[in-house]
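# Take this sequence and fold it.
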Amino acid sequence: MASLVWVLASPLSPVSARDSDRDKPQPYALIFGTVWDPNGRPLYGVKVKVRRAGEKKTRWELYSNHTGEFAQRVPAGKSDYIVWADVKDYKLPSGKKFKPGAEVTVHIDGDERSDIGLHLDW
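The predicted structure is shown next:
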């Protein structure tokens with residue numbers, strides 16, 4: 001009987017050991033920011049794009065929330081990221097259009113949080 005239990009349990013142990021490695025949370029860094037209009041008010045629903053410095057392709061796209069804030073997890077470790085607001089499809093009720101502000105370069109050294117602001121122009 002004991003050998004039957006051992007035979008049935010032995011195939012399970014390597015799988016469960018592998019699962020525990022996979023379930024470990026991976027370290028990450030956080031880019032946290034706020035999108036501001038030209039009058040200094042936070043803006044909802046603005047598309048924010050993030051890419052690694054040195055690359056042309058956008059890696060992440062997200063939108064600012066009701067308080068103008070956004071947060072994007074990026075891999076931990078030394079790296080630079082470029083963050084900007086994409087306002088070409090953003091429409092105000094008044095019909096006025098925003099111009100994107102300057103791109104922001106974020107330097108990450110490890111598993112940290114970096115706070116930024118994206119300021120739009122008229």
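# Any buried residues in stretch 110-120, and which?
For stretch 110-120, burial by neighbour count (16 or more other CB atoms under 10 Å) applies to S114, L118, L120. Heads up, the C-betas are built off the backbone N, CA and C, glycines and all.
# Now name the helix or strand holding the first one.
When secondary structure is defined by DSSP states H and E, S114 falls within strand 113-119.
# elements contacting that strand?
Other elements packing on strand 113-119 under the criterion 3 or more CB pairs under 8 Å, 6 or more residues apart in numbering; DSSP states H and E are strand 28-36, strand 79-86, strand 104-108.
# With respect to H66, which of those lies nearest?
Across those, H66 has its closest neighbour in strand 28-36 (11.6 Å, CB to CB).
# And the contacts of the helix or strand that that closest one is followed by?
As assigned by DSSP H and E, the chain's next helix or strand after strand 28-36 is strand 47-52. Strand 47-52 is contacted by residues 31, 33, 35, 57-64, 70, 72, 74, 79-87, 89-90, 118 when judged by CB atoms under 8 Å, 6 or more residues apart in numbering.
# Could you double-check that G77 lies in contact with H107?
No. Contact criterion CB atoms under 8 Å: G77 and H107 do not qualify, at 11.5 Å.
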